[in-house]
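> Take a look and give me a structure for this.
(one chain, ligands or ions: 3)
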Amino acid sequence: MIKVFKFGGASVNSVERIQHLATILEQYQQDKLVLIISAMGKTTNALEKVAEAFYAGNQAEAIQLFHVVKQQHLTTAKYLLVTHYNACHDQLNDFFTEAEWLLHDKPVRNYDYYYDQLVCIGELLSTCIISYFLNEKGLSNTWLDIRDLLRTDDNFRDANVDWDFSAPRIHAAIHEAISQTNCCIVQGFIGSTDENESTTLGREGSDFTAAIVANVLDASGLTIWKDVEGVMNADPRQFPEAQYISELSFEEVIEMAYYGAQVIHPKTIKPLQNKRIPLYVKCFLDTSLPGTAITGKKVKQLPPVIVLKKDQVLMHLHSQDFSFVGEKPLGDLYTIFNETRFRPNLIQTGAINVQLCVDNRAEKLDQLAAKAAAMFDVQIEKGLTLLTIRHYTNELLQKLTAGKQIVLQQQTTETVQVLYHE
Ligand code: ADP
Ligand code: ASP
Ligand code: MG
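Numbering: from 1, shown residues only. Ligands and ions are numbered 1, 2, ... in the order given. This next block holds a predicted model:
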């Protein structure tokens, strides 16, 4: 049986961590492994800045920013490699050229297209260096460009996977690779269209790639290696007292991700649940820790799970002629969410008004407000935080909202959501 491992940006953000990755893999030499790897550290953010500068017409700045990314990767490769350095350098250069060739042109297509052509380089660079490094260490592996296998549509930055086309290709290419080297390395987060344009699956999408690959290969499990003990009941960066959870159900994790917990990408669960493939979240820094096991089994007695989403905006929509907010206007609103690809984090409807809590994304807000203005008077309130607590207790709710100016609250027996001023 095949095991799929996913290493995120934080697990490969330095020479030491990449060396540490090799020591983890040494413990799995008897297994058939597929590694899905993200871009190193904050490379994706850095490449986003390159794309922004390029699209704004600041070509020299874009080239300079790209140069920094290039140097960082060459330095990492130099520290990690001896005998394989030259071969790795040549392959890195091919990726650099791919980007630089584009940067020397002028933008003629939309921003999202350029974003994907540039940002996809991060995963290609990281997997290339890591593959050469592991081969040099005797951990023999095959590197594949997943863009040859994972077909998507051309909805750049949030591309949709063509399962029928991709599944047999992923299956065939990876089986062939691991029949020879036991270990195969591919990039998370990226794919390509039928015209060979690169695409990305949305930020933090490597988890989703790992789930797709695990599904297609009928893997025995997917392990996501992270810099935390496992899944916690809150982000430990926001709540240092967060508790580690040893077992969770697919359903609970989907709910957590849906409300914005930044621990596993929301699209990861479905491909796993559909084939009953267990998901493990394990600690990259201390492999002796048990981590979290996520399966189809219901887990009782969970601690309250807290999710904070900052920088929220409340959009007040008020019926212009006092007509009720019935099926028609609500249906139209949902059409607008689809058209703008901008989904509210919370919706509250009244007789003649609707309130939408959304992320503060300027261009999306403008589009949504402009379209909604055809039906409603629109007012916008910024600077809000959305707190969600699953399995809440009233004491905890009171503690976390004490002294806050609450603007909206929604509650079921299981989940409470409170929007308040920051
Ligand atoms: P990677 O992309 O390398 O997997 P991220 O930095 O995206 O790593 O995610 C790891 C971080 O997720 C942790 O350091 C932690 O702060 C944060 N995090 C947010 N919510 C949770 C949660 N509920 N449980 C565990 N970690 C969480
Ligand atoms: N590198 C991408 C990002 O930072 C994808 C991922 O890490 O999952 O969003
Ligand atoms: Mg990440």
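> What separation do you get for the residue in the stretch 1-150 of the chain that ligand 3 sits nearest to and Ser192?
Closest residue of the stretch 1-150 of the chain to ligand 3, Cβ to the ion: Gly8 (4.4 Å). Quick note: C-beta positions are derived from backbone N, CA and C, even for glycine. Plainly put, Gly8 is 22 Å away from Ser192 if you go by Cβ to Cβ, to the nearest Å.
> same question, Val231
Distance from Val231 to Ser192, by Cβ to Cβ: 32 Å.
> Show me which of those two is the more surrounded one.
Val231 (26 against 21; other Cβ atoms under 10 Å).
> Now for the residue nearest to Met1 when sequence neighbours are not counted, how many residues are close by?
The shortest distance from Met1 to any non-neighbouring residue, by Cβ to Cβ, 6 or more residues apart in numbering, is to Ser220 (3.7 Å). Counted with other Cβ under 10 Å, the neighbours of Ser220 add up to 14.
> Quick one: residues contacting Val26.
Rather than Val, residue 26 is Glu. Contacts for Glu26 were tallied using Cβ atoms under 8 Å, 6 or more residues apart in numbering; they are Leu139.
> re earlier: hmm, Ser206 and the residue of the stretch 1-150 of the chain closest to ligand 3 touching each other?
Yes - counting by Cβ atoms under 8 Å, Ser206 is a contact partner of Gly8 at 6.4 Å.
> shared neighbours, the two?
Common contacts of Gly8 and Ser206 (Cβ under 8 Å, 6+ apart): Ser38.
> So between these two, which is more surrounded?
Counted by other Cβ under 10 Å, Gly8 and Ser206 do not tie: Ser206 has more neighbours, with 26 against 22.
> So the nearest residue to the more buried one once chain neighbours are set aside versus Leu103, what's the distance?
Leaving aside its chain neighbours, Ser206 sits nearest to Gly188 (2.4 Å; criterion: Cβ to Cβ, 6+ apart). Per Cβ to Cβ, Gly188 is found 24 Å from Leu103.
> Between the two, which has more neighbouring residues?
Ranked by neighbour count (other Cβ under 10 Å), Gly188 and Leu103 place Gly188 first, with 29 against 20.
> separation between the nearest residue to the residue of the stretch 1-150 of the chain closest to ligand 3 once chain neighbours are set aside and Lys297?
Closest residue to Gly8 apart from its sequence neighbours, by Cβ to Cβ, 6+ apart: Ser38 at 4.9 Å. Remark: distance between Ser38 and Lys297 (Cβ to Cβ) = 29 Å.
> And the pLDDT at Ala242?
We have a pLDDT of 96 for Ala242.
> now swap in Val307 and tell me
96.
> okay, now it: neighbour count?
The burial count for Val307: 24, using other Cβ under 10 Å.
> Where do the helices of the stretch 251-400 of the chain begin and end?
Using DSSP state H, counting those that start in this stretch, the helices found in the stretch 251-400 of the chain span residues 269-274, 327-340, 362-372, 394-401.
> And the strands in the stretch 251-400 of the chain, which stretches?
In chain order, the stretch 251-400 of the chain shows strands spanning 279-283, 292-295, 305-319, 346-349, 353-359, 376-390, with DSSP state E, counting those that start in this stretch as the criterion.
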